[in-house]
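Asker: The sequence and its predicted three-dimensional model are supplied below.
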Amino acid sequence: EAGVAQSPRYKIIEKRQSVAFWCNPISGHATLYWYQQILGQGPKLLIQFQNNGVVDDSQLPKDRFSAERLKGVDSTLKIQPAKLEDSAVYLCASSYPGTDYEQYFGPGTRLTVT
Amino acid sequence: AQSVTQLGSHVSVSEGALVLLRCNYSSSVPPYLFWYVQYPNQGLQLLLKYTSAATLVKGINGFEAEFKKSETSFHLTKPSAHMSDAAEYFCAVSEGGSYRPTFGRGTSLIVHP
C-alpha cells in the first residue's frame, strides 16, 4: 500500500512570494489533514478535510493561507504572500473515516522563506 | 483549553537502559492522549493512544504509557533502549472524541552504544 505522498520535499522562496504544496493521501482515506511544524515545536493542525469538505480550519491563517481538496482525493495548500515566519515543515496526513487517531503522515515539505 | 508539556527537550540513555519520556497535560474535559515518533526527514508515526479505556496502554516497538489522572501525566516508557529508538517523540492531547490535537514541543531521544 502506497503511503501519503507530498511534493515538493523542499522549497526555498523569498518573502512575499507565493508557494503551493501538494498532497496525495492513501487510497480510500476520506479524511485529510495539513499540519505546520515549526523548528523545535510540535505540529499544529491547520485544516482538516472530510472528502472535499472542510471540517475544521480554525487555526488556518486565512489572510494568506488557503487549501482545497476539490475532488476529495488530493489536496493543495497555498501560501500567498509568504512571510519569514512561515518557514516550517508542512505535513499532510490522512485517515479512514471514524479513525481520526490512526493518522498516516507523509514525509513533509520543508519550506524556507528568505 | 488543552495543552501539553514535555519535560526535557533531550533525553540521553545507554543501549539497553530504561527509556522514560515525560508528558504532562492540561485539559478541561477527559482527554485522549497520544505519543508519536518522528524519525529524521519523515512524518510522524503513532506509537500508542489512550482513549479512556485501560490506563496502561501498550504500543508498537515495545513502548507503553500509563495514564495517571491524579498526576495529569502520560509518560512513555520502554524497558530496554535500542539504537533504532533514537528519534523525536511527541506527546499530544485531544479533548474528548473530536480529534483536535495539541502537540508538545517534542523530546529528542539519544541512545548511546
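Answerer: That came through, no problem.
Asker: contacting residues around B:K68?
Answerer: B:55, B:74 (CB atoms under 8 Å, 6 or more residues apart in numbering or on different chains). Using the backbone N, CA and C atoms, a C-beta is placed for each residue, glycine as well.
Asker: Show me what it is bridged to.
Answerer: B:S73 (DSSP bridges).
Asker: Give me the distance between it and chain A.
Answerer: Using CB to the nearest CB, to the nearest Å, B:K68 is found at 20 Å from chain A.
Asker: ok, that residue to B:G62 distance?
Answerer: 20 Å (CB to CB, to the nearest Å).
Asker: what does B:T107 give?
Answerer: 17 Å.
Asker: More neighbours: which of those two?
Answerer: B:T107 (20 against 14; other CB atoms under 10 Å in any protein chain shown).
Asker: Tell me where chain B is predicted with low confidence.
Answerer: B:96-98 (pLDDT under 70).
Asker: who in it is up against chain A?
Answerer: In this structure, chain B approaches chain A at residues B:4, B:32, B:34, B:41-46, B:49, B:51, B:90, B:92, B:99-106, judged by CB under 8 Å from any CB of the partner chain.
Asker: send the alpha carbons of the helix or strand A:L46 falls within over as CSV?
Answerer: Assigned by DSSP states H and E, A:L46 belongs to strand A:44-50. In CSV, the C-alpha atoms belonging to strand A:44-50 read as follows (Å, rounded to 0.1, in the frame of the first residue of the first chain):
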residue,chain,number,x,y,z
LYS,A,44,0.0,22.4,14.6
LEU,A,45,-3.2,21.4,12.8
LEU,A,46,-4.0,23.9,10.1
ILE,A,47,-7.0,22.3,8.4
GLN,A,48,-9.0,19.1,8.2
PHE,A,49,-11.0,17.9,5.2
GLN,A,50,-13.6,15.2,5.1
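Asker: Just confirm yes or no for that strand near chain B.
Answerer: Yes. Judged by CB under 8 Å from any CB, strand A:44-50 and chain B are in contact via A:44-45.
Asker: Pull stretch B:32-46 out as PDB, backbone CA atoms only.
Answerer: Taking Å, rounded to 0.1, in the frame of the first residue of the first chain, the C-alpha atoms of stretch B:32-46 are listed here in PDB:
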ATOM      1  CA  TYR B  32      -7.500  11.500  24.600                       C
ATOM      2  CA  LEU B  33      -3.700  11.200  24.700                       C
ATOM      3  CA  PHE B  34      -1.100  10.100  22.100                       C
ATOM      4  CA  TRP B  35       2.500   9.500  21.600                       C
ATOM      5  CA  TYR B  36       4.100   9.900  18.200                       C
ATOM      6  CA  VAL B  37       7.600   9.200  16.900                       C
ATOM      7  CA  GLN B  38       9.300  11.100  14.200                       C
ATOM      8  CA  TYR B  39      12.500   9.900  12.500                       C
ATOM      9  CA  PRO B  40      14.700  12.400  10.600                       C
ATOM     10  CA  ASN B  41      13.100  13.700   7.400                       C
ATOM     11  CA  GLN B  42      10.000  11.600   8.000                       C
ATOM     12  CA  GLY B  43       6.400  12.300   9.100                       C
ATOM     13  CA  LEU B  44       5.000  11.200  12.400                       C
ATOM     14  CA  GLN B  45       4.000   7.700  13.300                       C
ATOM     15  CA  LEU B  46       1.500   6.900  16.000                       C
END
